[in-house]
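In: no sequence on this one, just coordinates:
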């Protein structure tokens, strides 16, 4: 892939929309399967998250960055890096999605807005529904104004392995600068250049142990290591890592690098980390 696209403010959003428009979106199948499972006594939760893109011009080499959040100690999964978003609230988010359809909230308007990503009406309804969920949560978490968002397309859903939860990700760009207003759930916002993911030296293997597993057992995950500017590191792994690398693989035609002899980082997950998210 020509990485210079990440530096082209006006061209890149349209390029992303074109790439995402050819995707097969599984929202209807995953949504209906969780609904059926819940009717039989299971408890599968559904979440909408927004993969936010921003053109960062106030640096030596302007380019697009991801706007991600680091969860604070006041919430479950403290310290994890994720996309803004949260759990579906069916009644409220249905109303908000109707505003999106009418254009009252203009996120799905404009030349780059991929509002008809599927020929299936139910799928398009669910894309709007989870976009509404993600924007509502992003407003609560970081103060994102829904009038400062352009929708570029939806990504395939992602079902978590540790929790009974399915994530429905959407991709948006914030065309205008905005000041972050962090809720108590957010420690900080990370702005990670897209090009950072195309350097194999930035990857590692995360070796996870939990109190619920034998000390000899490990769960191994590929992760991204991000310098925090203060001598430490933030680790991007799990669902958000998968969502982002899926997005980058789509737009780059599977040109992400293969990590060479990656380092291993050990992480311990407490019982609370898992039990609070059931």
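Out: Alright, I've got the coordinates. This structure is a prediction, so every number in the text was calculated from the model and none was measured.

In: what is the mean pLDDT for the longest helix along the chain?
Out: Using DSSP state H, we find that the single longest helix of the chain is helix 121-142. Regarding helix 121-142, the rounded mean pLDDT is 96.

In: counting contacts, what elements does the longest strand belonging to the chain pack onto?
Out: The longest strand of the chain (DSSP state E) is strand 45-56. If contacts are counted by 3 or more Cβ pairs under 8 Å, 6 or more residues apart in numbering; DSSP states H and E, strand 45-56 sits against helix 12-20, strand 63-71, strand 85-87, helix 121-142, strand 165-173, strand 186-193, helix 238-252. Any C-beta I mention is one placed from the backbone N, CA and C, and that applies to glycine too.

In: hmm, 6 Å instead?
Out: strand 63-71, strand 85-87, helix 121-142, strand 165-173 (3 or more Cβ pairs under 6 Å, 6 or more residues apart in numbering; DSSP states H and E).

In: poorly predicted segments of the stretch 101-250 of the chain, please.
Out: 108-116, 162, 211-217 (pLDDT under 70).

In: so what's the residue nearest to residue 128 when sequence neighbours are not counted up against?
Out: Excluding the flanking residues, the one nearest residue 128 by Cβ to Cβ, 6 or more residues apart in numbering is residue 97, at 4.2 Å. Neighbouring residues of residue 97 by Cβ atoms under 6 Å, 6 or more residues apart in numbering: 128, 129, 132.

In: any idea which helix or strand carries residue 97?
Out: helix 90-102 (DSSP states H and E).

In: tell me the angle that helix makes with helix 121-142.
Out: Angle of helix 90-102 versus helix 121-142, following axes from the mean of the first three to the mean of the last three Cα atoms, to 10 degrees, is 110 degrees.

In: quick check: angle from helix 90-102 to strand 45-56?
Out: 40 degrees.

In: any idea how far residue 160 is from residue 128?
Out: To residue 128, residue 160 is 23 Å away according to Cβ to Cβ, to the nearest Å.

In: any idea which of the helices and strands packed on strand 45-56 is most buried?
Out: Mean neighbour count (mean count of other Cβ atoms under 10 Å) peaks for strand 165-173 among these, with a mean of 25.

In: now that strand and strand 63-71, what's the angle there?
Out: 140 degrees.

In: who touches strand 165-173?
Out: 13, 27, 30, 34, 45-53, 130-131, 134, 149-155, 157-159, 239, 243.

In: can you check stretch 222-232 too?
Out: 202, 204, 206, 233, 234, 235, 236, 237.

In: go again with 8 Å.
Out: 81, 190, 192, 196-197, 202-206, 233-237, 241, 259, 262-263, 265 (Cβ atoms under 8 Å, 6 or more residues apart in numbering).

In: report the buried residues of it.
Out: 223, 224, 225, 226 (16 or more other Cβ atoms under 10 Å).

In: assign the last one to helix, strand or coil.
Out: Here residue 226 takes the strand state, with states given by DSSP: H, G, I helix; E, B strand; the rest coil.

In: going forward, the N-terminal residue is numbered 277.
Out: I'll keep to 277 as the first residue from here, and by that count the last item is residue 502.

In: any idea how far it lies from residue 333?
Out: 21 Å.

In: the first one now?
Out: Residue 499 sits 29 Å away from residue 333, taking Cβ to Cβ as the criterion.

In: next one: the third one
Out: Computed with Cβ to Cβ, the distance linking residue 501 and residue 333 is 26 Å.

In: and residue 436, by the same measure?
Out: For residue 436, the distance to residue 333 - Cβ to Cβ - is 35 Å.

In: which one's more surrounded, those two?
Out: Taking other Cβ atoms under 10 Å, residue 436 and residue 333 do not tie; residue 436 has more neighbours (15 against 9).

In: quick check: closest non-adjacent residue to the more buried one.
Out: Residue 436's closest residue in space is residue 515 (Cβ to Cβ, 6+ apart), at 5.7 Å.

In: next: residue 470.
Out: Residue 470 sits nearest to residue 282 (Cβ to Cβ, 6+ apart), 4.8 Å away.

In: what does residue 536 give?
Out: Using Cβ to Cβ, 6+ apart, the nearest residue to residue 536 is residue 476, at 5.4 Å.
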